[in-house]
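Peer 1: curious how this folds, go ahead:
(chains A and B)
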Number of protein chains: 2
Amino acid sequence: MGGTSNRVEDLSHVVNLEPTLPTLDSNIPPFEIHKVPLPPNKTTFQSLKQRLSEVFFPDDPLHQFKGQTCFWKIVLAIQYLFPIFQWGPDYSLNLLKSDVISGLTIASLAIPQGISYAKLANLPPIIGLYSSFVPPLVYAILGSSRDLAVGPVSIASLVMGSMLREMVSPSTDPVLYLKLAFTSTFFAGVFQASLGLLRLGFIVDFLSKPTLIGFMSGAAIIVSLQQLKGLLGIVHFTTKMGLIPVMISAVKREHEWAWQTILMGLCFLAFLLIARHISLRNPKLFWVSAAAPLTSVVLSTFIVFIFKAQAHGIQIIGHLQKGLNPPSVNMLLFSGPYLALAVKTGLITGILSLTEGIAVGRTFASLKNYQVDGNKEMMAIGLMNMAGSCTSCYVTTGSFSRSAVNYNAGSRTAVSNIVMASTVLVTLLFLMPLFHYTPSVILAAIIITAVFGLIDFGALVRLWRVDKLDFLACLSALVGVLFLSVSTGLSIAVGVSLFKILMHVTRPNTVILGNVPGTASYRDMGQYREAQRVPALLIIRVESPIYFANSTYLHERILRWVREEEDRAKAMKENSIKCIVLDMAAVTSIDTSGMEALLELKKILEKRSIQLVMANPVGGVTEKLHRSKAIETLGSNCLYMTVGEAVASVSSEFKEQV
Amino acid sequence: MGGTSNRVEDLSHVVNLEPTLPTLDSNIPPFEIHKVPLPPNKTTFQSLKQRLSEVFFPDDPLHQFKGQTCFWKIVLAIQYLFPIFQWGPDYSLNLLKSDVISGLTIASLAIPQGISYAKLANLPPIIGLYSSFVPPLVYAILGSSRDLAVGPVSIASLVMGSMLREMVSPSTDPVLYLKLAFTSTFFAGVFQASLGLLRLGFIVDFLSKPTLIGFMSGAAIIVSLQQLKGLLGIVHFTTKMGLIPVMISAVKREHEWAWQTILMGLCFLAFLLIARHISLRNPKLFWVSAAAPLTSVVLSTFIVFIFKAQAHGIQIIGHLQKGLNPPSVNMLLFSGPYLALAVKTGLITGILSLTEGIAVGRTFASLKNYQVDGNKEMMAIGLMNMAGSCTSCYVTTGSFSRSAVNYNAGSRTAVSNIVMASTVLVTLLFLMPLFHYTPSVILAAIIITAVFGLIDFGALVRLWRVDKLDFLACLSALVGVLFLSVSTGLSIAVGVSLFKILMHVTRPNTVILGNVPGTASYRDMGQYREAQRVPALLIIRVESPIYFANSTYLHERILRWVREEEDRAKAMKENSIKCIVLDMAAVTSIDTSGMEALLELKKILEKRSIQLVMANPVGGVTEKLHRSKAIETLGSNCLYMTVGEAVASVSSEFKEQV
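Peer 2: Here you go, the predicted model:
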């Protein structure tokens, strides 16, 4: 085998380059016909087991346990459940140094972002800090990513805020609102953990990347516009989320605009955007954009304190409670009229935060060339949120912006999350009064800067160029979020993605194949312009499984090819078609409706004295054709290993008839 | 080309049978590498146009108009819209003779069935006769099937009856119920006609045959059990549709059982079933089962009349109005609280009756070898129901049982429908009083006999043997209809079918290919046991488009293959893998997520110094790889026309390196 035999096989091309070898032509057919074998017989239980393990355990998570002693199996199991035991024993001072630096860096980002994102979710600012303390600690023990910086994120905060506010006002009924936020977080965690436990992680894949790009761009625009409230100093702002009501509200409330707030906001926004720009241009200066939010907070708080600016119309955060996360188990609602809302909000924020967390984890894992187990990550994130909901935290996940800073700051393990949590702990215990004079406008500026990078119109152009249906999914998510609502936009986009799959399944491609001169290969005549028709034969490649959803279409489409080919042959005065060869290489499965369509086709073609043969059926299809006895009607010699053999065999039959 | 050149190509196998040709081995590589060309460049508009015409006009309905003069185009258009003008001019006395015989035969079946099915839908019996008069006439003009016998059918009657009765009682509010029935019929017609007009006929395909078998078996059982009311002579029967409440009600009402009714019912049921059995055994005696219902009606009516049996507890139909269909346009409801119910009932009965009508039309068309245009049929059936809803008819379609009788009785054209309608007309005008004494128990017996053939448990066994997922769809439809409700059962079954598609898309097969000795073909090593591994190469065939829904899975699955193959190679002390060849023949499309997964894979494999090449990409995939510039990252020489060429080229590179 190997090099030698491959060369021998490929002699075919050399031989084929000679146009004719007349000496052989009158002999016995010189080709060899290979039988299409059935795959080895399996019991129903065996094939079910194989299928289920392929569906639920495609990564074969137990492969490392194979062939280990009992002791090592237990050790591996503990390491599997708590990755901290995997890297913990090898932890060194050197690693700690890197982790402390990166941990402090992300803490300087996490504190102002935590306060801001809590505001985005219409929650008290302190909840954002609580959420940056417990969840990172839980993740450090359970999570398998080394670079994920855990905490509240903009998208999940926005979605939770907008969904809950539709039914409960955070200003008139703050306690109920808070209860709903914790309950939603709990359900988000339960949902995430059970997806991981039931190994249904692939549900996340249905939010395709184009969909997410559109959704995030739309959400980022909405979030930025919502910040006009803080940036312009408006007191009574609309609670709606659509683009149009927000714009109208901002303009209509012109009399509430405060120039002091606007000036301060614009200055710090410019500062933050410039810092971001510097870090983008030179990744080594990552600390510039990482330190900018905390600097802005400190600076603006100082300015307000010195100039007593709160008296001049600049809104400030006000009193913040000192102390650690209070328990919140008693605030979870498991009955009452708002339960459905909490479950729904939990599901949507849960799946969104999961998508972000897993995508971020995978991105950085692939940069450092290690694997992140999706289902295990889901369980870690889910348990983290369940723990969070009992300790006054709202939905958290791996944040893209903070993880990038973490990675750039040189984080090596999840210890950077522990360092960050410790810094937040110190803040919660001792530094809370310092935030009393922090102006709200700074939080608005921080949010705008954070979500700014999510707006990606360039992606729309790229998608349009490459894939029109991906473009449509992206655009519909964007437009849906902007003009309808966050959850509507998301459902439309998922609908478009599903439609794309169904479209492909119900209207699969069929192409006519021709012989590539000098080879035994048959290829699409539209793609390979040198490919040549085989007279009296029509070779059709069906590019999809044959299913109930497309069997009628394929049946009619093949008959149309026959009709068109016969018209063409008549016009060109060629021989009429005597045989149809179906190239089944891409027919990766067939169901009972598909087999009936084939039998029907055979019957119709037989009446017109056209033969029907099939080339290169995959194992599953061969098996089903045999098992259903369809093969008896189609003729036991209708299956060939290659199109070439089918063509040769059928052509020699014709010759014998003549 | 043709026979000669095919033989030349297949010389390859002859040459390949010789194990080695050492003389060539040290020369220049003797294989020729073919470029994978891009399909011809198309503008966005062109490809969109092609795609849309493939989706909506796969049958190319205008092909017969091509190259005709203006006059003929008009003639063809009229013939296209009104098929009666197509066969009308050639109509002969000979054809008429056959059509009169078959028309009278189906009329003798249609009259008792019409009355029975109307009862099934909780409508006055006369509505069933009205529905056998106008719709067949409309269909005779518009329909393209020559064998379809049009009228009320059991499934649509049952579904309409059960759906409407859930909200409105036919006994306490008969006028509203009747209005809703006509309105539902109108919406069913509008829905059917617009599906045809918008060329969305493929929606019908989502009701796969296994689903329908399960649904119909379940519905037939429920219908039969419901007839216990008539058969046992029970007056107060449950209005529920589930298996359990119906059984309980039948047993609990034991005191209402009337032995006279039971005796009469069982006698006639036995008579009808025996007649049916005779016709099934000998199709030439089709008239036995066709005439049996009318005979039973006449006979039983006569018995009741003579013995005054109505006084002995046998329920009779009672007074029936004489006269033609009264107009019912004024009874259509386009507002009010029940509009949603009418629309929903219309949609479901519409799609069910469409499925039956089209399936029946296609079945008999294929037996006689002519084509039925699905979209045109939908418009015909839709217009027929819209016309029906304005003339006191409820939902009608092509009935399977009556069409089979029609076909067996030798019908030649749609004139048999006209003959049937005329017979019904005579009945409506003159014979209605004769049905006064017809006992209800006979109608129950007729319904049971009619739906008996729909119960098909054998199909469950066959499906289990051939396709487990089809079995599941069938079983869930059956169980859903039996124990939940008709519409729930249907939705569950459609859900299972969609799940089947999505499952196949999210978890596609990947198989390892090996060289079939003596050929240049590479085939599934699980299927072809003689196939041999190529050392240092891993050839993987991906059996699905690479999509957002499966890109993560495929990425991880391929890496798992690599891991397993490396473990195997290590255990067998073979060379480690140097290159992965992806056989892309079955990758019929790729989207942006799919391309990213490929690039990601390339990056990871590169770090392990493993090459990645692809063989036999289809036109669309080649185009997208080029358009997205992914090809630049993958390497411009990563595409090969065949797996054989890829293997030869890569192997020769290795050799050069050594």
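Peer 1: list the buried ones in the longest helix seen in chain A?
Peer 2: As assigned by DSSP state H, the longest helix anywhere in chain A is helix A:339-368. Residues of helix A:339-368 classed as buried: A:341-343, A:345-366 (neighbour count, 16 or more other C-beta atoms under 10 Å in any protein chain shown). For glycine as for every other residue, the C-beta is placed from the backbone atoms N, C-alpha and C.
Peer 1: what residues are up against the residue nearest to A:Gln227 when sequence neighbours are not counted?
Peer 2: In space, and not counting its chain neighbours, A:Gln227 is closest to A:Ala444: 4.0 Å by C-beta to C-beta, 6 or more residues apart in numbering or on different chains. Contact analysis of A:Ala444 by C-beta atoms under 8 Å, 6 or more residues apart in numbering or on different chains lists A:Ser116, A:Gln227, A:Lys229, A:Gly230, A:Leu231, A:Gly265.
Peer 1: residues from the stretch 551-658 of chain A in reach of chain B?
Peer 2: Within the stretch 551-658 of chain A, the positions near chain B by C-beta under 8 Å from any C-beta of the partner chain are A:551-553, A:556-557, A:560, A:563, A:585-586, A:588-589, A:591-593, A:595-596, A:600, A:603-604, A:607, A:616, A:618-620, A:622, A:624, A:627-628, A:641-642, A:644-645, A:647-648, A:651-652, A:654-655.
Peer 1: for the helix or strand hosting A:Leu582, which strands pair with it and how are they oriented?
Peer 2: Using DSSP states H and E, A:Leu582 sits in strand A:579-583. Strand A:579-583 has the following sheet partners, assigned by DSSP bridges: strand A:537-542 (parallel), strand A:611-615 (parallel).
Peer 1: report the next helix or strand after it in sequence order.
Peer 2: helix A:592-607.
Peer 1: near chain B, from the buried residues of helix A:339-368?
Peer 2: Restricting these to those near chain B - C-beta under 8 Å from any C-beta - leaves A:Ser366.
Peer 1: doesn't A:Gln227 make contact with A:Ile448?
Peer 2: Yes. Shown here, A:Ile448 and A:Gln227 form a contact pair, counting by C-beta atoms under 8 Å, at 5.2 Å.
Peer 1: which residues sit in contact with A:Leu95?
Peer 2: With C-beta under 8 Å, 6+ apart, A:Leu95 has these contacts: A:Arg412, A:Thr413, A:Val415.
Peer 1: relative to A:Ala531, which of the residues you listed is nearest.
Peer 2: Closest approach to A:Ala531 among the contacts of A:Leu95 (C-beta to C-beta): A:Arg412, at 55.6 Å.
Peer 1: number of nearby residues for the closest one?
Peer 2: The number of residues packed near A:Arg412 is 19, by other C-beta atoms under 10 Å in any protein chain shown.
Peer 1: tell me the pLDDT at it?
Peer 2: A:Arg412 carries a pLDDT value of 87.
Peer 1: how about the residues of the stretch 151-300 of chain A near chain B?
Peer 2: A:Phe202, A:Asp205, A:Phe206, A:Ser208, A:Lys209, A:Pro210, A:Thr211.
Peer 1: number of residues surrounding the closest residue to the fifth one other than its chain neighbours?
Peer 2: The one in question is A:Lys209. Computed as C-beta to C-beta, 6+ apart, the closest residue to A:Lys209 that is not its neighbour in sequence is B:Ser593, at 5.2 Å. Using other C-beta under 10 Å, B:Ser593 is surrounded by 22 other residues.
Peer 1: same question, A:Ala290
Peer 2: 26.
Peer 1: picking up where we left off before, using JSON lines, please lay out the contacts of A:Leu95 together with distance to chain B.
Peer 2: Below are the contacts of A:Leu95 laid out as JSON lines (distance: C-beta to the nearest C-beta, whole Å):
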{"residue": "A:Arg412", "distance to chain B": "19"}
{"residue": "A:Thr413", "distance to chain B": "21"}
{"residue": "A:Val415", "distance to chain B": "25"}
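Peer 1: helix, strand or coil: sort out A:Arg199 for me.
Peer 2: Following DSSP: H, G, I helix; E, B strand; the rest coil, the label given to A:Arg199 is coil.
Peer 1: please apply the same query to the one 3 residues further on.
Peer 2: Using three-state DSSP, the three-state assignment for A:Phe202 comes out as helix.
Peer 1: correct me if wrong: it contacts B:Met503.
Peer 2: No. At 9.8 Å, A:Phe202 does not count as touching B:Met503 under the criterion of C-beta under 8 Å.
Peer 1: so for the two, which residue has more residues nearby?
Peer 2: The neighbour comparison of A:Phe202 against B:Met503 (other C-beta under 10 Å) goes to A:Phe202, with 21 against 14.
Peer 1: just the contacts of A:Ala444: which are in helices?
Peer 2: Short answer: the contacts of A:Ala444 in helices (DSSP H) are A:Ser116, A:Lys229, A:Gly230, A:Leu231, A:Gly265.
Peer 1: who wins on neighbours among these?
Peer 2: A:Ser116 (28 neighbours).
Peer 1: biggest separation within the residues of the stretch 151-300 of chain A next to chain B, which pair?
Peer 2: The widest separation within those (C-beta to C-beta) is 17.6 Å, between A:Phe202 and A:Pro210.
Peer 1: sec struct for A:Leu513, please.
Peer 2: strand.
Peer 1: name the next helix or strand downstream of the worst-scoring helix or strand of chain A on mean pLDDT, please.
Peer 2: Ranked by mean pLDDT, DSSP states H and E, the helix or strand of chain A with the weakest confidence is helix A:22-25, at a mean of 34. Next along the chain after helix A:22-25, taking DSSP H and E as the criterion, comes helix A:44-56.
Peer 1: chain center to the helix or strand harbouring A:Ser98, what's the gap?
Peer 2: Secondary structure from DSSP H and E places A:Ser98 in helix A:93-120. Put simply, helix A:93-120 sits 26 Å off its chain's centre (C-alpha atoms, centre = their mean, to the nearest Å).
Peer 1: tell me the mean pLDDT over the very next helix or strand once past it?
Peer 2: Where DSSP H and E defines the elements, the next helix or strand beyond helix A:93-120 is helix A:125-130. Helix A:125-130 carries an average pLDDT of 92.
Peer 1: without its sequence neighbours, what residue ends up closest to the single nearest residue of the stretch 251-400 of chain A relative to chain B?
Peer 2: Per C-beta to the nearest C-beta, A:Asn369 is where the stretch 251-400 of chain A lies closest to chain B, at 5.6 Å. Sequence neighbours aside, B:Lys607 is the residue nearest to A:Asn369 in space, at 5.6 Å (criterion: C-beta to C-beta, 6+ apart).
Peer 1: quickly note the distance from A:Val643 to chain B.
Peer 2: A:Val643 sits 10 Å away from chain B, going by C-beta to the nearest C-beta, to the nearest Å.
Peer 1: any idea how many residues pack against that residue?
Peer 2: 27.
Peer 1: what's near enough to touch it?
Peer 2: A:Leu513, A:Tyr522, A:Ile539, A:Val581, A:Asp583, A:Ala615, A:Asn616.
Peer 1: pretty sure A:Ser366 sits against B:Leu599.
Peer 2: No. Taking contacts as C-beta under 8 Å, A:Ser366 lies outside contact range of B:Leu599: 10.6 Å.
Peer 1: report the buried residues of the helix holding A:Ser98.
Peer 2: Of all the residues in helix A:93-120, those buried under the rule 16+ other C-beta under 10 Å are A:95-96, A:98-100, A:102-120.
Peer 1: and if you look at stretch A:182-189?
Peer 2: A:Phe182, A:Thr183, A:Ser184, A:Thr185, A:Phe186, A:Phe187, A:Ala188, A:Gly189.
Peer 1: closest to chain B out of those?
Peer 2: So of the buried residues of stretch A:182-189, ranked by how close each gets to chain B (C-beta to the nearest C-beta), first place is A:Ala188, at 21.4 Å.
Peer 1: the closest one and A:Asn369, how far apart?
Peer 2: 31 Å (C-beta to C-beta, to the nearest Å).
Peer 1: how far away from the center of its chain is the helix or strand where A:Met503 lies?
Peer 2: Assigned by DSSP H and E, A:Met503 belongs to helix A:486-506. In terms of C-alpha atoms, centre = their mean, the centre of helix A:486-506 is found 14 Å from the chain centre.
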